[in-house]
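> got a structure for you, letters missing:
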C-alpha cells in the first residue's frame with residue numbers, strides 16, 4: 001500500500017465474530033477500519049462522511065438493509081459511487097454474482113475467506129483508488145480544446161504512465177470523463193500487461209496476493225523479449241464522439257471464453273480479472289476481435305464549438 005495516508009475501509013457484517021475477523025485482517029494489512037453490524041448504521045456513517053470512505057466490504061445477507069441494498073445506495077450517491085465495493089457471501093452462484101456486478105460491485109469475497117486472498121483483494125481495491133485519484137487529478141489539467149480539434153489520430157504507448165496520459169486526455173470532452181478515463185485505462189492496461197508483457201491471469205493474481213505486482217511489471221518492462229513492444233491506439237471522430245481502436249503486439253487470448261459465465265464467476269472472487277467487465281460498463285460498444293489483441297470502443301463526447309472549444313451536450 002502507498003506510504004500516504006492509511007485508507008479507511010467500512011466493514012459491515014451482522015455476525016460479530018466474522019466482523020471481528022474482517023477487521024483484524026484489514027488492520028493487519030495496514031488499513032483503518034470502521035466496523036458496523038447493520039447496513040443502516042453503516043449507511044448513516046457513509047452518507048454523512050463520504051470523504052472518509054475509501055473501500056467498502058459488505059456482507060450480502062443481512063437483516064434489514066442487505067449488502068446489495070447498501071451497494072445500490074452507494075452506487076447511486078455521487079460522493080460515494082466511485083468507491084470499490086467488496087461483497088462477502090457464501091452464495092457464489094453465477095446469477096448471484098452477476099446481480100452484484102450489475103449493481104456496481106467488482107469484488108467478491110467468499111466465506112470462509114483466506115486472509116491472503118482478502119489482503120490481495122484489498123490491495124487491488126487500494127490500487128483502484130490510487131488510479132482514480134491520479135486520473136481525476138490529471139483531468140483537471142484541461143486538454144479539452146485539443147480534443148475538440150482532433151478528427152483522426154494515431155498514438156503508440158509503452159508504459160502505464162503513457163496510457164494514463166492518453167486516457168485522461170481522451171476523456172476531457174467525454175460526457176462522463178471519470179468513467180471514460182477509468183474504462184480506457186482498463187483496456188490500455190490490459191493491452192500492456194496481458195498483451196505486450198504476456199502476464200497471465202494466474203500470474204497477476206499470485207503477484208497481487210504476494211504484493212509483488214510492481215516488481216513483476218518492472219521486470220517485464222526491462223525484459224528484451226517485451227521491452228520493444230508498443231500498444232497502437234487509433235482514434236477517429238464520429239458524429240457522436242470518438243471511435244477508439246486499441247491493438248497490442250501480444251499473442252492474444254480467448255476473449256470469447258473470458259466473457260462466459262463460469263470464467264467470469266471465478267474472476268469476480270479474485271484480486272484481478274474484472275478489467276474487461278469494468279470497461280464494458282464504463283464505455284460504449286466494447287468489442288474484441290481477431291485473436292484478442294484488438295479491442296474497440298466508442299466514447300460519446302461533449303458538443304464541439306466552432307474554433308475547437310467544447311460545451312455541455314444537451
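Done, it's in. Note that the structure is a prediction, hence the values are computed from the model and not measured.
> For residue 268, give me the pLDDT.
pLDDT recorded at residue 268 is 53.
> same deal with residue 97?
65.
> what separates residue 287 from residue 239, distance-wise?
19 Å (CB to CB, to the nearest Å). For glycine as for every other residue, the C-beta is placed from the backbone atoms N, C-alpha and C.
> hmm, I was thinking of residue 213
41 Å.
> neighbour count winner among those two?
A direct count of neighbours by other CB atoms under 10 Å for residue 213 and residue 239 places residue 213 higher, at 23 against 4.
> buried ones in the helix or strand where residue 124 lies?
Taking DSSP states H and E as the definition, one finds residue 124 inside helix 115-139. For helix 115-139, the neighbour count (16 or more other CB atoms under 10 Å) marks 117-129, 131-132, 134-135, 138-139 as buried.
> who's in contact with the helix or strand encompassing residue 56?
According to DSSP H and E, residue 56 maps onto strand 55-59. For strand 55-59, contacts defined as CB atoms under 8 Å, 6 or more residues apart in numbering pick out 7-15, 18, 22, 26, 31, 39, 42, 46, 67, 70-71, 74, 83-89, 109, 122, 125-126, 129.
> of those residues, buried ones?
With burial judged by 16+ other CB under 10 Å, the buried subset of those is 7-14, 18, 22, 26, 31, 39, 42, 46, 67, 70-71, 74, 83-89, 109, 122, 125-126, 129.
> Narrow these to those in helices?
18, 22, 26, 39, 42, 46, 67, 70-71, 74, 122, 125-126, 129 (DSSP state H).
> low-scoring stretches of this protein, by residue?
Confidence mapping of the chain against pLDDT under 70 gives the ranges 1-5, 91-102, 137-148, 254-276, 278, 302-314.
> Report the contact partners of residue 54.
7-9, 83, 126, 129.
> give me that answer again for 6 Å
Neighbouring residues of residue 54 by CB atoms under 6 Å, 6 or more residues apart in numbering: 7-8, 129.
> Apart from its chain neighbours, what residue comes closest to it?
Once flanking residues are discounted, residue 54 sits nearest to residue 7: 4.0 Å by CB to CB, 6 or more residues apart in numbering.
> Now do the contacts for the one you found.
By CB under 6 Å, 6+ apart, the contact list for residue 7 reads 31, 54, 126.
> same question, residue 291
Shown in contact with residue 291 (CB under 6 Å, 6+ apart): residue 252.
> And residue 244, by the same measure?
Going by CB under 6 Å, 6+ apart, residue 244 touches 235, 297.
> so how far is the strand or helix carrying it off the chain centroid?
Using DSSP H and E, residue 244 sits within strand 241-247. Mean C-alpha position of strand 241-247 versus that of the full chain (CA atoms, centre = their mean, to the nearest Å) differs by 19 Å.
> Can you give me the distance of residue 120 to residue 242?
Per CB to CB, residue 120 is found 35 Å from residue 242.
> Please look at residue 288 and residue 295 and confirm they touch.
Yes: contact criterion CB atoms under 6 Å: residue 288 and residue 295 qualify, at 5.0 Å.
> Give me the more crowded residue out of these two.
Neighbours were counted for residue 288 and for residue 295 using other CB under 10 Å; residue 295 has more, 24 against 20.
> any idea which helix or strand carries that one?
strand 294-300.
> Which secondary structure elements does that strand sit against?
strand 241-247, strand 284-289 (3 or more CB pairs under 6 Å, 6 or more residues apart in numbering; DSSP states H and E).
> and if we set it to 7 Å?
In terms of contacts (3 or more CB pairs under 7 Å, 6 or more residues apart in numbering; DSSP states H and E), strand 294-300 is packed against helix 177-190, strand 241-247, strand 284-289.
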